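**Student:** only geometry, no sequence info:
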């Protein structure tokens, strides 16, 4: 070998030794487009001529402790191979997937991984729940010992927590409406920045991470590891059922997964296509159609937003683009109130931000505390197992409530109007502790999201921020009459009631009369309502007044 060749090899080796190595840690941000941390990392890596690797941890024990639904875990598992493919083809980055049972295992694994691979910078997007914050704080301290940067970016919200405060600038809004007005005004007068990741231009960006535990890097291996995690989780849940632990025997998990897989194709492209279809076909009828559960008139994007397959900022911009087009067509200035449908959907995106801002402002919510602790502590909540089981299984004798719960159990999804109706029935008609319902929803919902789920349940229980007044209690029969006029949704999920006229389904008195012994529909296998709504309402009001 010539001296020149030897010198060149030595220089090449030195370059490899000194070449910076950065790591992208994916969490609930499983996309390339408008991913704040990913864009920042790629920009810095290209400027520094650094290698880039990416990591995702499957944390089944931690997720089970957080009551993540099987359908959501499966959605993540189905998304990871798609993310890995896009990362490799579009950005020249390899995704590594590893199983770490708990968040503490993630801290140890990442610390070891960074040391073994000379990684000097880790980037990720913020998560706002308690265990997630503790994990990130521990990792920050651990990496700092070796002068490794851990940089986090705000990405989950359209406007980050603590950016929308009252006019005194010090406190979080306790009521949604003024929050929304300021949130909307802030966006109207500013330019929203989208974050696009550039491909890593380092031709040597083919680094294979040295990892102590087995990890998956090929698409085939990622699919196998992810599917195995889902299968293990399902087995654990089913074994728990057979042992009578947190019994979910009424759930056909295979059927629920099959439905979710068909209804929610995985990946960023699928999410963007769903957004485009909603904008084109349904957003202009959203204000009214969104409250009709038999219609598929909502965006159906919540499952994608929850795991970060689509950016909330993209959703906002696509909707406001329609407003701008209307403005252009009319030739007149278009105010925020000029299109109730589009603005109603934008307000739903704002609610999503609001509840995240709330848990950052009041972190005790993450520890099962109520926003209004004084109110919550005075209520003699019920823990009646029979009533709760009837609610979970859709056997309360209240058609809209039962149809909604059976839909949830079969599909892993529930229409937002029905979430309010079922939650208010549990917390007001049955006076059962909202925490039980909150947990059950998380265990079943494909779009289960702590901040929004907690906020919604405390709204219904009148213990949360900007909650429903305790005396304003939804009547599930009149709700059915208003929002399922022909009983189409009810009869879809309660086929035993297919021959019962809607006029009877929408009247508690008629239901009791027609289902009674000797009456026309007495032989139908459907229970008489387990509680009388008017009486239950008065009891609930008296309890809250106490």
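**Tutor:** Perfect, I can see it now. Quick caveat, the model's predicted, so the values are computed rather than measured.
**Student:** wouldn't residue 166 be in contact with residue 173 here?
**Tutor:** Yes: between residue 166 and residue 173 there is a contact under Cβ atoms under 8 Å: 6.0 Å. Where C-beta positions appear, they are placed from N, C-alpha and C, glycine not excepted.
**Student:** out of these two, which sits in the busier spot?
**Tutor:** residue 173 (21 against 13; other Cβ atoms under 10 Å).
**Student:** can you verify that one is assigned to a strand?
**Tutor:** No: Residue 173 is assigned coil when assessed by DSSP: H, G, I helix; E, B strand; the rest coil, not a strand.
**Student:** correct me, but residue 537 touches residue 431?
**Tutor:** No: Residue 537 is beyond contact range of residue 431, at 10.8 Å (criterion: Cβ under 8 Å).
**Student:** which one's more surrounded, these two?
**Tutor:** residue 431 (21 against 17).
**Student:** residues contacting the more buried one?
**Tutor:** Shown here is residue 431, whose contacts under the criterion Cβ atoms under 8 Å, 6 or more residues apart in numbering are 379, 380, 381, 382, 536, 539, 540, 543.
**Student:** give me the pLDDT for the fourth one.
**Tutor:** Yep, that's residue 382 we're talking about. Residue 382 carries a pLDDT value of 97.
**Student:** would you quantify the distance from it to residue 491?
**Tutor:** As for residue 382, its distance to residue 491 is 30 Å (criterion: Cβ to Cβ, to the nearest Å).
**Student:** the two: which is more packed in?
**Tutor:** Comparing residue 382 with residue 491 by other Cβ under 10 Å, the one with more neighbours is residue 491, at 20 against 16.
**Student:** can you tell me the closest non-neighbouring residue to the more buried one?
**Tutor:** Leaving aside its chain neighbours, residue 491 sits nearest to residue 498 (4.9 Å; criterion: Cβ to Cβ, 6 or more residues apart in numbering).
**Student:** what's the answer for residue 515, then?
**Tutor:** Closest to residue 515 by Cβ to Cβ, 6+ apart is residue 528, at 5.1 Å.
**Student:** element containing that neighbour?
**Tutor:** Element membership for residue 528, per DSSP states H and E: none, as it lies in no helix or strand.
**Student:** contacting residues for it?
**Tutor:** Neighbour list for residue 528: 397, 511, 512, 515, 516 [criterion: Cβ under 8 Å, 6+ apart].
**Student:** and if you look at residue 304?
**Tutor:** Counting by Cβ under 8 Å, 6+ apart, residue 304 touches 264, 270, 271, 274, 310.
**Student:** wait, a strand at it?
**Tutor:** No: the assignment for residue 304, made by three-state DSSP, is helix rather than a strand.
**Student:** distance of it from residue 380?
**Tutor:** 40 Å.
**Student:** again, but for residue 293
**Tutor:** Distance from residue 293 to residue 380, by Cβ to Cβ: 32 Å.
**Student:** which one's more surrounded, those two?
**Tutor:** Applying other Cβ under 10 Å to residue 293 and residue 380 shows that residue 293 carries more neighbours, namely 26 against 7.
**Student:** report the secondary structure state of the more buried one.
**Tutor:** With three-state DSSP as the basis, the three-state label of residue 293 is coil.
**Student:** repeat for residue 124
**Tutor:** Classification of residue 124 by three-state DSSP places it in strand.
**Student:** with residue 347 instead?
**Tutor:** Going by three-state DSSP: residue 347 is helix.
**Student:** that one: what's it in contact with?
**Tutor:** residue 180.
**Student:** at 10 Å instead, please
**Tutor:** Applying Cβ atoms under 10 Å, 6 or more residues apart in numbering to residue 347 gives the contacts 176, 177, 180, 183, 184, 287, 336, 354.
**Student:** in which helix or strand does the fifth one reside?
**Tutor:** Mapping residue 184 onto the secondary structure by DSSP H and E places it in helix 176-188.
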